[in-house]
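*Asks:* Sequence below, structure please.
(2 chains)
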2 protein chains.
Amino acid sequence: MLQLSEKATGIPASAIRKLVPFSEAAEAAGTKVYHLNVGAPDIKSPDCAIDALKAHCKKLNHVSYTNSAGLQALREGMIEKYYKKIGIDIELKDIITTEGGSEAFAVAMQVVANPGDEIIVVEPFYTNYQTFAFLYGINLKVVQTNIRDSFSLPPIEEFEKVLTPWTKAVLISNPCNPSGKLYTKAEMLQIGEFCQRHDLFLISDEVYREFCYTSEPHFSAMNIPGCEQNVILADSVSKRYNLCGARIGCMVSRNKYVMSAMMKFAQSRLCPPVLGQVAALGALDTPQSYFDEVRAEYIKRRNFTITALNQMPGVFSPMPYGAFYTVAQLPVDDSEKFAKWLLTTYRLDNETVMITPAASFFKTPGIARSYARIAYVLEVPALEKAMNILANALQEYPGRMK
Amino acid sequence: MLQLSEKATGIPASAIRKLVPFSEAAEAAGTKVYHLNVGAPDIKSPDCAIDALKAHCKKLNHVSYTNSAGLQALREGMIEKYYKKIGIDIELKDIITTEGGSEAFAVAMQVVANPGDEIIVVEPFYTNYQTFAFLYGINLKVVQTNIRDSFSLPPIEEFEKVLTPWTKAVLISNPCNPSGKLYTKAEMLQIGEFCQRHDLFLISDEVYREFCYTSEPHFSAMNIPGCEQNVILADSVSKRYNLCGARIGCMVSRNKYVMSAMMKFAQSRLCPPVLGQVAALGALDTPQSYFDEVRAEYIKRRNFTITALNQMPGVFSPMPYGAFYTVAQLPVDDSEKFAKWLLTTYRLDNETVMITPAASFFKTPGIARSYARIAYVLEVPALEKAMNILANALQEYPGRMK
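*Replies:* As a prediction, this is how the structure comes out:
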């Protein structure tokens, strides 16, 4: 008998993708499905990115490899035109271009932790942290937060409680996918102090950095004083410039041992996709007005969505200050059953909505049974319809909780 | 003290990339370096690939995610326009688009083997098999071949000898990087029979399939009778159409459990690069004349290179029948020292050559000390100069063996 590996049999199916067959069936049957489930915004990519690609194609003869760290012009451009502008001071040796933000944190996890080691995450967390931890034999140790307290960082004693001799790093996403939680400077300094005190790496996934909705600027882990050797930044060009499919991100660290190891990982997959690199290089000239417009648009969408959610009886959503998601508590027995019911059974004027059950963003069993991640990535008129459908569906759902 | 993982400290540096600083220094000092070291051909990408990209850019608004398995049109296109044409009969469920051929065999290795398990490889093998085996805790068990025997497959008893209860798969590249060895149908059937008899997977890396120089058509592992459930194909669009930087490949298997596991791996990295997928989709319309011309060009280059090598006193190269490499035995004490000496010290009219020491393609210590991989990826006039330099350098090299 041919036998697959434990990785192959144990790797979790994506909670987001598991429902896709049901939404495809609904759409095939002519039902309009509002997708509140995916982080795939409908916002246009910057013209300068697409223009760069067009110009490149005109003189293109041969799509050849680049350096494993990516085009030098792209790395220099990211340093000068992006990181310097937002107050992150790095050099060429501190940055390697990656295949999206995913490669950046996946490699970072492997660089800091052996199989059997532990990484501390704050719950809820991006679901693929758990997927990669599983693949690398790393145990995620969870610090819990509270939806009613807007998923705020608990006292640092909660980190101390899960610390063991096997703990190698803290891994955060800021702003957070799925909760939209944005860490304050004070919270970041606390985490940084904890990492320094215990010689832990701090892997900071900041792919949603340009999607912050407070008057304070985003405070990057790269700027925690004294944490220069501890911090590994996972970043994404794809998210920042709405170039999701370009699959370009980067890993950044001032720790030369980390970068040297990461470079060897990078060499093993030869080079990041070149055409995406070309688009990313062009995107560096995106004017501030583009970000301002996108930000204003998301604030509008967020405000509408969170207000609408909290007006539904039994629904609670904290106010997210970053990314384009919220985790909301719904008056349902099981958000996975509810999400499936929405796609297979419920229709309002032959329309329905697709949401993401939140359980896969939590490790602690049971906590998130009634939670769903809602992505506000549609325009307000579409969100209006979607929220109306959701409100009505919640009234009719047989598994509604009193 | 911050400590890196064992993966981070142990991952091998790329033998190819290790010499890059020396070639860069030579070039910076004005020396012309002929690159016989990398598999980055100078052949133009097909017009239809670049035209597809241009057309896509014209109406491009938003570079969004695709399905984790890649664009359906691309997968259908590969099945209908490519695999069907070369006699490989597969369905949509049997194919997933990957980030280059690298992702395909890297995931395949993880799907079939647990840490501590073993995979049989034929020596010499593609160096990154060892890199990924190291990262996944998989032990490569080696079947040796002989350069004087053109790296022919040894009797299948040699496979039996390295078989243990931990053996999960055989991993071959056909045609082989680095040796250019092309497996005959008879050899493939033998390997297939071995895998069936012992319930082993057969991971077949066929990224150089379109670079074969015999009158026989390439015999794919996909067509070994009875091996339908055992075979996992790793393939590359990047190589086939000279689109190396596009980073598009695919994994193919008729084993539904394998494909289901691979899909979960694919989901964890969201999607393959979209712009590369667009180029790959266009490339499917590449006319046969393109392949014929490329093939004729490589045969010319190969014939020139192998003849030139074997005319140098003390040099031996078998005739490669596929890919665009050969492994040659040189009359030197150590090919790594020699390669470095070429870059740092030796000049002929201020020109030199860069070759790849072959040790990293072997696991057995010592065998390959005097071997180098030579890529014949330059045009014949450049190869003429490069071979002349190599011949002269070998005469002058202080570590020349009698």
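*Asks:* With adjacent residues omitted, what lies nearest to A:Ile138?
*Replies:* In this structure, A:Ile138 finds its nearest non-sequential neighbour in A:Ala113, 4.7 Å apart by C-beta to C-beta, 6 or more residues apart in numbering or on different chains. Where C-beta positions appear, they are placed from N, C-alpha and C, glycine not excepted.
*Asks:* B:Ser5 is in contact with the one you found, correct?
*Replies:* Yes. Here A:Ala113 reaches B:Ser5: they are 5.6 Å apart, a contact under C-beta atoms under 8 Å.
*Asks:* Identify the contacts common to those two.
*Replies:* Residues touching both A:Ala113 and B:Ser5 (C-beta atoms under 8 Å, 6 or more residues apart in numbering or on different chains): A:Lys168.
*Asks:* higher neighbour count, these two?
*Replies:* Ranked by neighbour count (other C-beta atoms under 10 Å in any protein chain shown), A:Ala113 and B:Ser5 place A:Ala113 first, with 28 against 20.
*Asks:* if you go through the stretch 201-350 of chain A in chain order, where are the helices?
*Replies:* Using DSSP state H, counting those that start in this stretch, the helices of the stretch 201-350 of chain A run over A:237-240, A:256-268, A:274-283, A:288-311, A:335-344.
*Asks:* Name the residues of the stretch 151-300 of chain A found near chain B, please.
*Replies:* With the criterion set to C-beta under 8 Å from any C-beta of the partner chain, the stretch 151-300 of chain A comes near chain B through A:168, A:199-201, A:229-230, A:238, A:242-247, A:255, A:257-258, A:261, A:264-265, A:267-276, A:279.
*Asks:* which of those are buried?
*Replies:* Buried by 16 or more other C-beta atoms under 10 Å in any protein chain shown: A:168, A:200-201, A:229-230, A:238, A:242-247, A:255, A:258, A:261, A:264-265, A:267-276, A:279, out of these.
*Asks:* count of neighbours near A:Ala308?
*Replies:* For A:Ala308, the count of nearby residues is 20 (other C-beta under 10 Å).
*Asks:* There's contact between it and A:Met387 in this structure, I believe.
*Replies:* Yes. The pair A:Ala308 / A:Met387 is scored as a contact, 3.9 Å apart, by C-beta under 8 Å.
*Asks:* ok so, going back, rebuild the helices of the stretch 201-350 of chain A as a markdown table, extending it with mean pLDDT and distance to B:Glu76.
*Replies:* Shown next, in a markdown table, are the helices of the stretch 201-350 of chain A (pLDDT from 0 to 100; distance: least, C-beta to C-beta, whole Å):
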| stretch | mean pLDDT | distance to B:Glu76 |
| --- | --- | --- |
| helix A:237-240 | 86 | 26 |
| helix A:256-268 | 96 | 31 |
| helix A:274-283 | 97 | 22 |
| helix A:288-311 | 96 | 35 |
| helix A:335-344 | 97 | 25 |
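*Asks:* so of the ones you listed, which one's packed in deepest?
*Replies:* Mean neighbour count (mean count of other C-beta atoms under 10 Å in any protein chain shown) peaks for helix A:274-283 among these, with a mean of 28.
*Asks:* Export it to CSV, keeping only CA atoms.
*Replies:* Taking C-alpha atoms only, helix A:274-283 is exported to CSV below (Å, rounded to 0.1, in the frame of the first residue of the first chain):
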residue,chain,number,x,y,z
VAL,A,274,10.2,38.4,-12.2
LEU,A,275,7.0,39.9,-13.7
GLY,A,276,5.6,40.5,-10.2
GLN,A,277,9.0,42.1,-9.3
VAL,A,278,8.6,44.5,-12.3
ALA,A,279,5.1,45.5,-11.2
ALA,A,280,6.3,45.9,-7.6
LEU,A,281,9.2,48.1,-8.8
GLY,A,282,6.7,50.3,-10.7
ALA,A,283,4.4,50.4,-7.7
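*Asks:* now it and helix B:274-283, what's the angle there?
*Replies:* Relative orientation of helix A:274-283 versus helix B:274-283 (axes from the mean of the first three to the mean of the last three C-alpha atoms, to 10 degrees): 130 degrees.
*Asks:* ok, and what's touching helix A:274-283?
*Replies:* Against helix A:274-283 from outside (C-beta under 8 Å, 6+ apart): A:45-46, A:48-53, A:56, A:63-66, A:70-71, A:73-74, A:77, A:97, A:237-238, A:240-241, A:243, A:245-248, B:53, B:63, B:245-247, B:273-276, B:279.
*Asks:* run the last query once more with 7 Å
*Replies:* Residues from elsewhere that reach helix A:274-283 (C-beta atoms under 7 Å, 6 or more residues apart in numbering or on different chains): A:46, A:48-49, A:51-53, A:56, A:63, A:66, A:70-71, A:73-74, A:77, A:97, A:237, A:241, A:243, A:246-248, B:63, B:245-246, B:273, B:275-276, B:279.
*Asks:* Provide the backbone phi and psi angles at the residue nearest to the spatial centre of chain A.
*Replies:* Per C-alpha atoms, centre = their mean, the C-alpha nearest to the average position across chain A is that of A:Asn177, at 4.3 Å. Per-residue torsions, A:Asn177: phi -100, psi 120 (degrees, to the nearest 10).
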